[in-house]
Every structure is written in structure tokens, then in C-alpha cells.
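*Asks:* Predicted coordinates and the sequence they were generated for:
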Amino acid sequence: MEAYLSYSQEVMEAKEKGLPIVALESTIISHGMPYPQNVQTAREVEQIIRENGAVPATIAIIDGKIKIGLSDEELEMFGNAQGVAKASRRDLGYLLATKKLGATTVAATMICAELAEIELFVTGGIGGVHRGAETTMDISADLEELAMTNVAVVCAGAKSILDIGLTLEYLETKGVPVIGYDTDTLPAFYTCDSEFKVNFRANSPEEVAGMMRAKWDLGLRGGAVIANPIPQEDALESDFINGIIEKALAEAEEKGIAGKEVTPFMLGKVKELTAGKSLEANIALVKNNARVGAAIAAALNK
């Protein structure tokens with residue numbers, strides 16, 4: 001792996017000392033938020049992880065290497081650079097061979113984290129089954145990765161632009177546990193809950209760590225969704241956000257937007273239609289996930 005993996009000094013020292021490490025994606029910086037909020041949020045999330053007893057490792061593809069842990073200058077670069085590829089499983093070989101810049105999605109970040117022996121990953125929301133997937137077959141690679149890669153993913157549920165019911169059905173088929181952190185229902189990204197139940201509830205980092213360790217000790221491959229609701233004070237009203245999502249979906253269909261372009265278009269359109277409230281909620285939930293993720297990483301490390 002030395003030919004492909006490169007570690008920041010901070011992450012290298014953490015590995016040498018046996019400290020808990022939390023993986024972070026880079027797509028949220030290059031494709032998920034506008035500048036300068038993207039870089040500012042990335043820095044703040046890393047600091048939250050440090051303050052809660054773990055070491056952050058933001059992952060990206062740079063100059064033919066999988067970089068595990070980015071410098072401050074590299075975070076700034078991904079916040080500004082044009083033409084950064086959105087890297088999923090299928091893209092990794094190409095981007096490494098051509099030495100192009102790649103920002104890792106949930107799926108790619110999970111792969112890279114496992115290669116670097118990092119067991120926990122914090123993100124905003126996972127991808128899933130898109131609305132209308134029964135005809136388009138538009139299903140995120142995140143779900144397949146959760147089924148086969150041994151990394152636990154702390155998120156605020158599935159992005160509410162998706163078909164959450166079908167996403168849960170797909171995860172059930174693949175044997176991926178959906179664990180509610182202090183909740184019995186699956187949060188829907190911008191809102192604290194939804195009409196859908198989680199598989200299991202965990203009320204502490206130690207409970208989550210115990211479930212994951214038992215699963216992996218048994219040789220059961222795959223990760224888990226650790227669904228951590230957005231704080232109540234930062235959540236949006238479900239009727240309000242669902243109405244806006246419907247408008248944004250109609251516009252995406254009208255413009256023929258499909259595939260991996262759907263999510264960035266939808267997030268941008270939702271931000272526009274909510275006058276920036278959705279971006280504020282997105283930042284709040286990622287920070288909240290970082291706090292919980294650091295605690296679970298510490299528990300797993302024991």
C-alpha cells in the first residue's frame with residue numbers, strides 16, 4: 001500500500017501512538033458546500049474531533065496518492081480548485097493513475113479508511129436509493145460499500161432528497177445494520193426523525209462500539225449506519241423542507257439532470273429555495289456527527 005497511501009504527520013503520529021482516528025470525506029468540501037463555508041466547516045469539524053479525544057483524517061486523492069489527512073493548505077485547495085473529480089469506487093484507479101485531483105465520496109472514503117485501518121467515518125448524510133429508482137436504477141454506490149467495507153459511518157441518516165423507505169429496504173437486503181443513536185426513528189438529514197424505524201437503538205458510544213466489534217469479530221463483513229439526528233434547535237420543519245425538495249426534484253427532472261450530478265444540484269437548489277437555512281442545518285449536523293463520531297472512535301479503540 002505504500003505506493004498508494006500517504007499520511008499526514010498528524011495521522012502518522014496518531015497511528016504510531018495507537019490513538020483513535022476519525023475518517024472524513026472531501027466531497028463535502030469540493031462539491032457539498034459553497035466557499036468559504038466549505039473550508040471553514042472542514043476546519044471546525046476537524047477541531048471538534050480533536051477536542052473530543054480523536055484525530056481527524058480528511059481523505060482525498062492528490063498527485064497519484066490517497067492522502068489520509070490533509071494539511072490546512074490542502075483543505076483550502078479543495079475548497080477552491082476547479083474540476084475536482086467526485087471520486088467513488090469506480091474512479092479510484094483512474095484518478096491515481098492519471099494523478100488528477102479527486103474528492104472522495106462516502107463510498108470511496110470508506111474504501112480508503114479501511115485501507116488505512118481506520119474503523120470509523122463521519123459524514124453529513126449517506127447516499128441511497130433516489131426517488132424514481134424503480135425506472136432509473138439510480139442507486140448510490142454508498143449502499144454497496146456499506147455492505148462490504150468494514151467501516152462504521154456516523155451520519156444524520158439518508159439525505160432527504162432520496163427515497164428513504166427504499167434506501168432502508170436496500171440496506172436490509174445487504175445486511176447492513178441501521179443503528180439509531182439516541183433515537184428509534186431514522187433522521188432525515190434536515191429533520192430529526194422520519195416515519196421509518198431504525199433496526200437498533202444505542203444510547204452510548206460504548207454500545208455502538210460493542211455492536212461493531214462483535215459484528216467484525218464474527219467475520220461479518222460490512223459497515224453500519226449510525227444515524228445521529230440533527231440537534232433539535234438546528235432542524236428544519238419537515239413540511240417546509242419536503243415541499244422545497246419536491247420543487248427541486250421537479251426542476252432536476254425538467255433539466256435532465258441525472259446520476260452523480262443530482263445530489264450537488266439538489267443541495268444547491270435546496271439552499272437557494274430555503275434562503276440558506278439548509279446550509280446552516282447541514283453545517284450543524286456535520287459538527288454534531290463529529291462529536292459523536294469522535295466518542296465512538298475512542299470507544300472502538302479501547
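*Replies:* Looks like it arrived, so ask away. Numbers count the residues shown, from 1 in each chain.
*Asks:* Helices of the stretch 1-150 of the chain, residue ranges please.
*Replies:* For the stretch 1-150 of the chain, the helices defined by DSSP state H, counting those that start in this stretch occupy 9-17, 27, 37-51, 72-80, 92-98, 106-115, 133-136, 141-148.
*Asks:* So which of these is nearest residue 281?
*Replies:* With CB to CB as the measure, helix 37-51 is the member of the helices of the stretch 1-150 of the chain nearest residue 281 (12.2 Å). Every residue, glycine included, has its C-beta placed from N, CA and C.
*Asks:* can you list contacts of the closest one?
*Replies:* For helix 37-51, the surrounding residues in contact (CB atoms under 8 Å, 6 or more residues apart in numbering) are 22, 24, 28-30, 32-33, 55-56, 58, 72, 75-76, 78-80, 122, 279, 283, 286-287, 290-291, 293-294.
*Asks:* Centre of the chain to that helix, how far?
*Replies:* In terms of CA atoms, centre = their mean, to the nearest Å, the centre of helix 37-51 is set 14 Å apart from its chain centre.
*Asks:* Just the pLDDT at residue 260, thanks.
*Replies:* With respect to pLDDT, residue 260 scores 68.
*Asks:* Check which residues of the longest helix along the chain are buried.
*Replies:* Determined from DSSP state H, the single longest helix within the chain is helix 277-301. Neighbour counts over helix 277-301 (16 or more other CB atoms under 10 Å) mark 277-279, 281-300 as buried.
*Asks:* re earlier: lowest-confidence stretch among the helices of the stretch 1-150 of the chain?
*Replies:* Across these, helix 133-136 has the smallest mean pLDDT, namely a mean of 83.
*Asks:* Can you dump the C-alpha atoms of that one in PDB for me?
*Replies:* Taking Å, rounded to 0.1, in the frame of the first residue of the first chain, the C-alpha atoms of helix 133-136 are listed here in PDB:
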ATOM      1  CA  ALA A 133     -35.200   4.500  -9.000                       C
ATOM      2  CA  GLU A 134     -37.600   1.800  -9.900                       C
ATOM      3  CA  THR A 135     -37.300   3.100 -13.500                       C
ATOM      4  CA  THR A 136     -33.900   4.900 -13.500                       C
END
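*Asks:* I'd say residue 185 and residue 196 touch.
*Replies:* Yes: counting by CB atoms under 8 Å, residue 185 touches residue 196, with 6.4 Å between them.
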